[in-house]
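K.L.:
Take this sequence and fold it.
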Amino acid sequence: MAAITATEAKNKFGQVLEMAQAEPVRIQKNGRDVAIMLSPEQYGVLVANSNAPKVRPIVETLMARSIERRRSLYEALAK
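P.N.:
Predicted coordinates for the structure are as follows:
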């Protein structure tokens, strides 16, 4: 990932846009990250992955079975 200072990003905005088409660009101010510039394609992948299930389907299936089998136990523990 490329890194650039906020001042350089301001002064070379067009160049930073070009850089972001190839890879994410980390923008830093006073030595700390303040922004990441991504291409629309990279952003789309990020959004698509964030909507993916966080738990694998088999784990969800096993958990549902456990709840069905031990419903009375779970209800008693919830009280």
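K.L.:
Which residues belonging to stretch 17-36 are considered buried?
P.N.:
By 16 or more other CB atoms under 10 Å, the buried positions in stretch 17-36 come out as 19-20, 24-25, 27-28. Every residue, glycine included, has its C-beta placed from N, CA and C.
K.L.:
can you check stretch 1-10 too?
P.N.:
4, 9.
K.L.:
helices or strands next to the host helix or strand of Tyr74 in the packing?
P.N.:
Taking DSSP states H and E as the definition, one finds Tyr74 inside helix 71-78. Counting contacts by 3 or more CB pairs under 8 Å, 6 or more residues apart in numbering; DSSP states H and E, helix 71-78 is packed against no other helix or strand.
K.L.:
How far does that helix sit from its chain's centre?
P.N.:
35 Å (CA atoms, centre = their mean, to the nearest Å).
K.L.:
What's the mean pLDDT across it?
P.N.:
Mean pLDDT, computed over helix 71-78, is 86.
K.L.:
Farthest-apart pair in the buried residues of stretch 17-36, please.
P.N.:
Ala20 and Gln28 (14.8 Å; CB to CB).
K.L.:
Can I get stretch 11-28 in CSV? Just the C-alpha atoms.
P.N.:
Only the C-alpha atoms of stretch 11-28 are listed here, as CSV (Å, rounded to 0.1, in the frame of the first residue of the first chain):
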residue,chain,number,x,y,z
ASN,A,11,-0.8,19.3,-3.9
LYS,A,12,-0.8,16.2,-6.1
PHE,A,13,-4.4,15.2,-6.0
GLY,A,14,-4.6,14.1,-9.6
GLN,A,15,-1.5,11.9,-9.1
VAL,A,16,-3.0,10.4,-6.0
LEU,A,17,-6.2,9.5,-7.9
GLU,A,18,-4.1,7.7,-10.5
MET,A,19,-2.2,5.8,-7.7
ALA,A,20,-5.4,4.7,-6.1
GLN,A,21,-6.4,3.0,-9.3
ALA,A,22,-3.5,0.5,-8.9
GLU,A,23,-3.6,0.1,-5.1
PRO,A,24,-5.0,1.7,-1.9
VAL,A,25,-3.2,4.9,-0.9
ARG,A,26,-2.7,5.7,2.8
ILE,A,27,-2.9,9.4,3.6
GLN,A,28,-1.0,10.4,6.7
